[in-house]
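S.K.: predicted model follows, preceded by the sequence.
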Amino acid sequence: MPTLTTHTLAVASFLQDAETFAGREDQNSPYAGLREKAKEAFSVMGIPGRKQEEWKYLDLSPIANTEFRNAGAAFDFVLGPSDAESYRLAGKEALLLVLENGKLNTHASPMERIPAGIRIGTLSTLGHEALVTEHLFRHAAVEGEPFVAMNTMLSHDPLILLVEPKAEIKTPIQLAFVAVAGADPLAVTARVLVVAGEGSECTVMESYHTYGEGAPSFTNAVTEVVISASARLHYTKVQVESGQAQHISYHKVNMARDSYQHLTTLTLGGALVRNNLHIRLDDQHINAYLNGLYVMNGSQVVDNHTLVDHAMPNCHSNELYKGIINDRAQGVFNGKIWVRQDAQKTNAYQSNKNLLLSNEASMNTKPQLEIFADDVKCSHGATTGQLDDEALFYLRARGIGEANARTLLNHAFAADVIEQVENDDIQQSLMHLLDTKLN
């Protein structure tokens, strides 16, 4: 395993934090040895440098050169039920669970409202159930993924959602991850496992926020999702952290036969954001939709890396990512569709479209197809440009001011992604966030 960078302040700090977990796991536990394995992997890999192909457009020095205070497991909660409501994005009927500095805050979360058909808990309460031991820490591999390794060695009490077979959960579940800013730079480790049982249906949202004003924060989030046969999962990820936040996430999905997922990622906040999304279609007759929107200004940097792995035949995937980039902001999209040799009759589509609103804004886009099967229908494409002058002239000729005309065109461009979200309440909240950002 190659060394990616020399040890920095952050690497040394995170490895020291990992020492506090040493010896905690029972040697008979199904998780015994996983933390040590992750620590060994991270100590070799460190934090990636720009010489690494997968990280060439992302300068991670703001993370690497900062000595973070890890939130850890022992701290006093700050947020209460009234604070939680300010983070509600999934509608008034949704179950809103608050994870403060990565840890479930049961005081701010109405655990008594958990709907029938789904069990929600943490590693400390559900950790030895068969489904948990089968899937937790099993899908997001630490090999070659330094931030997954870091997350695994520092995870203290991951959140777990288990949807029972054939359960139709009508109530959306929102997981609001809130980094409580303080005097010192804060590192937050967020870990989630979602298992959708056979024939079930559920709507889940992850949202990321910052509470208060203070030093920069760094959120390292890993989500493992298992979609069983014939299950349907609607998933939304929203990032609206403060302008001082750094955010690295890894979202790994494994899909079984006849399953369906609709995954939307909306990135609006943060100084530096990297979204890694890996979707594996593990059996036949699977439908996967993967949509993303990033709206950036100032000196924001947002990097989206996606991989859709078609491992079996007769599956369909559709991917649409759009970006609006203003000021000196920098966008990155690296999307790969991988069609394995056995994956005949694959239909896979990928599109990345971007608007640059200033001369200093930049976008690096790299759509990729790797096809090892013969009987497939696959396409990909990328465009980067400016607002349509004719459309802008059309609106101005009808009495709309230039600023408002530009906002309308930007909204229409971005709304194409949000309108595909299937829950009306979530769609309305995302439209409101979009309008706020554009204005």
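M.R.: Nice, I can see it.

S.K.: for Met431, phi and psi?
M.R.: The phi and psi torsions at Met431 (degrees, to the nearest 10) take the values phi -60, psi -40.

S.K.: from Tyr31, how far out is it?
M.R.: To Tyr31, Met431 is 41 Å away according to C-beta to C-beta, to the nearest Å. To be clear about C-beta, it is placed using only N, CA and C from the backbone, and glycine gets the same treatment.

S.K.: with Ala94 instead?
M.R.: Taking C-beta to C-beta, one finds Ala94 at 31 Å from Tyr31.

S.K.: now swap in Asp83 and tell me
M.R.: 32 Å.

S.K.: chain center to stretch 319-329, what's the gap?
M.R.: Distance of stretch 319-329 from the chain centroid (C-alpha atoms, centre = their mean, to the nearest Å) equals 17 Å.

S.K.: CA atoms only: put that stretch into CSV for me.
M.R.: Below are the C-alpha coordinates for stretch 319-329, written out as CSV (Å, rounded to 0.1, in the frame of the first residue of the first chain):
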residue,chain,number,x,y,z
GLU,A,319,-26.7,9.6,-13.3
LEU,A,320,-27.2,13.4,-13.6
TYR,A,321,-24.9,15.9,-11.9
LYS,A,322,-25.2,19.7,-12.3
GLY,A,323,-23.1,22.6,-11.0
ILE,A,324,-23.3,26.3,-10.7
ILE,A,325,-19.9,27.9,-10.0
ASN,A,326,-19.4,31.6,-9.2
ASP,A,327,-16.5,33.9,-8.1
ARG,A,328,-13.3,31.9,-7.5
ALA,A,329,-14.9,28.6,-6.7
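
S.K.: quick check: which ranges of the stretch 1-150 of the chain have low pLDDT?
M.R.: The stretch 1-150 of the chain contains residues with pLDDT under 70 at 1-7, 21-29, 73-74.

S.K.: let me see the ranges of the helices in it.
M.R.: With DSSP state H, counting those that start in this stretch as the criterion, the stretch 1-150 of the chain has helices at 9-19, 34-45, 61-64, 81-84, 123-126, 130-135, 146-154.

S.K.: nearest to Gly199 among these would be which one?
M.R.: helix 130-135 (15.2 Å; C-beta to C-beta).

S.K.: Met363 contacts Ala329, correct?
M.R.: No - under the criterion of C-beta atoms under 8 Å, Met363 is not in contact with Ala329, lying 9.2 Å apart.

S.K.: from Ala412, how far off is Asp388?
M.R.: Taken as C-beta to C-beta, the span from Asp388 to Ala412 is 10 Å.

S.K.: could you do Pro146 as well?
M.R.: Separation of Pro146 from Ala412 (C-beta to C-beta) stands at 39 Å.

S.K.: of these two, who's got more company?
M.R.: Shown here are Pro146 and Ala412; by other C-beta atoms under 10 Å, Pro146 has more neighbours (24 against 10).

S.K.: and that one, what does it touch?
M.R.: Contact analysis of Pro146 by C-beta atoms under 8 Å, 6 or more residues apart in numbering lists 4, 41-42, 45-48.

S.K.: if you rank the residues you listed by neighbours, which is first?
M.R.: Phe42 (25 neighbours).

S.K.: now it. Nearest residue, chain neighbours left out?
M.R.: Closest residue to Phe42 apart from its sequence neighbours, by C-beta to C-beta, 6 or more residues apart in numbering: Ala149 at 4.0 Å.

S.K.: A helix includes Val194, no?
M.R.: No - Val194: not assigned to a helix; according to DSSP: H, G, I helix; E, B strand; the rest coil it is strand.

S.K.: right, and it touches Ile169 too?
M.R.: No - contact between Val194 and Ile169 fails when scored by C-beta under 8 Å: they sit 11.5 Å apart.

S.K.: give the residues shared as contacts by those two.
M.R.: Counting by C-beta under 8 Å, 6+ apart, the common neighbours of Val194 and Ile169 are Val163.

S.K.: who has more neighbours out of those two?
M.R.: Val194 (25 against 21).

S.K.: which ones are touching the more buried one?
M.R.: Val194 neighbours (C-beta under 8 Å, 6+ apart): 161, 163, 204, 223-226, 233, 235.

S.K.: same thing with Leu95?
M.R.: Applying C-beta under 8 Å, 6+ apart, the residues near Leu95 are 110, 113-115, 171-174.

S.K.: pull out the buried members of the residues you listed.
M.R.: Among those, the ones that count as buried by 16 or more other C-beta atoms under 10 Å are 114, 171-174.

S.K.: okay if I get these as JSON lines plus secondary structure and distance to Gly292?
M.R.: Below are the buried ones among the contacts of Leu95 laid out as JSON lines (DSSP: H, G, I helix; E, B strand; the rest coil; distance: C-beta to C-beta, whole Å):
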{"residue": "Ile114", "secondary structure": "coil", "distance to Gly292": "29"}
{"residue": "Thr171", "secondary structure": "coil", "distance to Gly292": "25"}
{"residue": "Pro172", "secondary structure": "coil", "distance to Gly292": "20"}
{"residue": "Ile173", "secondary structure": "strand", "distance to Gly292": "21"}
{"residue": "Gln174", "secondary structure": "strand", "distance to Gly292": "19"}
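
S.K.: how about residues contacting stretch 400-417?
M.R.: Residues outside stretch 400-417 that contact it (C-beta under 8 Å, 6+ apart): 264, 266, 291-293, 295, 320-322, 324, 353, 355, 357, 387-388, 391-392, 395-396, 431, 434-435, 438-439.

S.K.: number of residues surrounding the residue lying closest to Ile325 once chain neighbours are set aside?
M.R.: Distances taken as C-beta to C-beta, 6+ apart place Ala361 nearest to Ile325, at 4.2 Å, with adjacent residues excluded. By other C-beta under 10 Å, 22 other residues sit near Ala361.

S.K.: contact partners for Ala361?
M.R.: Contacts of Ala361 (C-beta under 8 Å, 6+ apart): 296, 325-331.

S.K.: hmm, 7 Å instead?
M.R.: With contact taken as C-beta atoms under 7 Å, 6 or more residues apart in numbering, Ala361 is in contact with 325-329.
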